[in-house]
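1. model this:
(one chain, ligands or ions: 2)
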Amino acid sequence: MIAITVRNLGFKYEKADHWILNDLSMDINKGEITAITGGNGCGKTTLLRCIRGLTPNIYKGKLVGDINILGKDLKEMDSLQLVKTIGIVFQNPETQLFSSTVEDELIFGAENLCIEKDEIEKRLKEILTLTGIEDLRLQNPGKLSGGEQQLVAIASVLMMDPEILLLDEVMSWVDKNNRIKIKSILTDLKNKGKTIVMVDHIDENIEFADRIIKI
Ligand SMILES: Nc1ncnc2c1ncn2[C@@H]1O[C@H](COP(=O)(O)OP(=O)(O)O)[C@@H](O)[C@H]1O
Ligand SMILES: [Mg+2]
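-> Ligands and ions are numbered 1, 2, ... in the order given. This is a model prediction of the structure:
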């Protein structure tokens, strides 16, 4: 089964004079870990922005081609559907953490989606365990190490229970121990049926993936 189809995708940022992505096509299998690799500036982050529907609305520019997510045309998905279907974790965890405790950070997104309190409690327990951050529950995310912050960022996205998880170079500010942890979390998620797409240009970080696509 295919989770994401990209067909003849092109993207050019507003005011830029060249196409960053040009006639790009790929299929991402459901329930697998797919790694996307490629040199600095080749458009890996841009591709994730396109798949998550952040272009051309948030990141302005010209988008051509087609993206299909779990059988739906991306153009026909609204932002609520996108939030519920595709979680995205960015390279720099600091930019996506803003609460005063880890617990609040995790609850925030789920509350915004109007998920019931009991369900939020249940997910909170599960995800703190899955990501191994139970001990950090009452800590201030701003005071954690880069690796711990990235675990919190991943956990807060998982609270929304997306079927697809996109990760943009999430291991780059993370020490070796936490990189091992992240790989094991992603493998657990895959075993639970999630589709994982990770961007990373370092071979060692992606060798555990099921499939590697070079762009
Ligand atoms: N918001 C933006 N506006 C204009 N140009 C951008 C923007 N974001 C990225 N770019 C440019 O697009 C190209 C691809 O960037 P990016 O997708 O971040 O590549 P990668 O993640 O593979 O390093 C780069 O030349 C970068 O300067
Ligand atoms: Mg990038």
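2. residue 83 reaches residue 160, doesn't it?
-> Yes: contact criterion C-beta atoms under 8 Å: residue 83 and residue 160 qualify, at 6.3 Å. No exception for glycine: its C-beta is placed from N, CA and C like everyone else's.
3. so which bits of stretch 9-17 are buried?
-> Neighbour-count burial for stretch 9-17, counted by 16 or more other C-beta atoms under 10 Å, picks out 9, 10, 11, 12, 13.
4. could you work out the end-to-end span of that stretch for me?
-> End-to-end distance for stretch 9-17, by C-alpha to C-alpha, to the nearest Å: 17 Å.
5. who are the packing partners of the helix or strand where residue 122 lies?
-> Per DSSP states H and E, residue 122 falls inside helix 117-130. Contact partners of helix 117-130 among helices and strands, from 3 or more C-beta pairs under 8 Å, 6 or more residues apart in numbering; DSSP states H and E: helix 102-112, helix 146-158, helix 176-191.
6. tell me the most buried of those helices?
-> Highest mean neighbour count among the helices and strands packed on helix 117-130 (mean count of other C-beta atoms under 10 Å): helix 146-158, with a mean of 23.
7. and the contacts of that one?
-> Identification of contacts with helix 146-158 by C-beta atoms under 8 Å, 6 or more residues apart in numbering yields 87-90, 93-94, 96-97, 102, 105-106, 108-109, 123, 127-128, 130-133, 136, 141, 144, 165, 167, 170-171, 173-175, 177-179, 181-182, 185, 189.
8. ok so, going back, can you give me the buried ones in the helix holding residue 122?
-> Neighbour counts over helix 117-130 (16+ other C-beta under 10 Å) mark 120, 123, 124, 127, 128, 130 as buried.
9. was I right to think the first one contacts residue 109?
-> No: contact criterion C-beta under 8 Å: residue 120 and residue 109 do not qualify, at 9.9 Å.
10. intersection of neighbour lists for the two?
-> Shared contacts of residue 120 and residue 109, defined by C-beta under 8 Å, 6+ apart, comprise residue 159.
11. quick one: the strands in this protein?
-> 2-13, 21-29, 33-37, 61-69, 72-73, 86-89, 164-168, 195-199, 211-214 (DSSP state E).
12. of all the ones you listed, which one comes closest to residue 43?
-> Residue 43 lies closest to strand 21-29 among those, at 4.8 Å (C-beta to C-beta).
13. buried ones in that closest one, by neighbour count?
-> Result for strand 21-29 [16+ other C-beta under 10 Å]: buried residues 21, 24, 26, 28.
14. columns pLDDT on top of these, output as TSV?
-> Converted to TSV, the buried residues of strand 21-29 look like this (pLDDT from 0 to 100):
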residue	pLDDT
21	98
24	98
26	98
28	98
